[in-house]
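S.K.: need a structure here:
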Amino acid sequence: MDAAYGAYRLDDRESYTAFLIAHARALPAVEAWLLHRSIGFAWRPRRDALAADLAALGCDMPEPLPFAIADDQAARWGALYVTEGSRLGGVMLARQVGEGLPRAYLESGFGPGEWRDFRQALDAAAADAAWIDRAVAAAERVFMLYKQAA
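M.R.: As a prediction, this is how the structure comes out:
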């Protein structure tokens, strides 16, 4: 992921726009998949914040890439782990965004204690080694989607 996204300059309007477009090709696909499934953890989609930032830059949302993974509880948690980890990383990246550029998507962070609550819920959901393997496989699939979108 670092290699795929590390070349984007978030302080440059054109490069930052390309960065957001890449995210817009992946994140909405995963969020749409997650929205229709029970996970057991309340999470907040960021698609609207991403669309607002792109609109502020004069761009429409691109078509999301196709996304499908195994549909079991472990896979759902694996996919959510990547999307919520992206939320955590976004807050750090927001500091690099150029002056005057929109940053609602990257600043859509966690409230007090939310990351801790997420990690505790994930740990509680993990049933056994096979469950963890399925969650990891789903997380890897989401990472590959983001890499493809870059």
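
S.K.: Can you name the residues that contact the nearest residue to A56 once chain neighbours are set aside?
M.R.: Taking C-beta to C-beta, 6 or more residues apart in numbering as the measure, A56 lies nearest to P102, with 4.1 Å between them; neighbours along the chain are not counted. In this view, the C-beta of every residue, glycine as well, is placed from N, C-alpha and C. Neighbouring residues of P102 by C-beta atoms under 8 Å, 6 or more residues apart in numbering: 52-53, 56-57.

S.K.: Counting neighbours, which bits of the longest helix belonging to the chain end up buried?
M.R.: With secondary structure taken from DSSP state H, the chain has its longest helix at helix 13-35. Judged by neighbour count using 16 or more other C-beta atoms under 10 Å, the buried positions of helix 13-35 are 16-31, 33-34.

S.K.: Off-centre distance for it?
M.R.: On the basis of C-alpha atoms, centre = their mean, to the nearest Å, the separation between the geometric centre of helix 13-35 and that of its chain is 8 Å.

S.K.: ok, and what's touching that helix?
M.R.: Outside of helix 13-35, the residues that reach it under the criterion C-beta under 8 Å, 6+ apart are 5, 8-10, 43, 45-47, 50-51, 53-54, 57, 59, 61-69, 76, 79-80, 82-83, 86, 97-98, 101, 105, 142, 145-146, 148-150.
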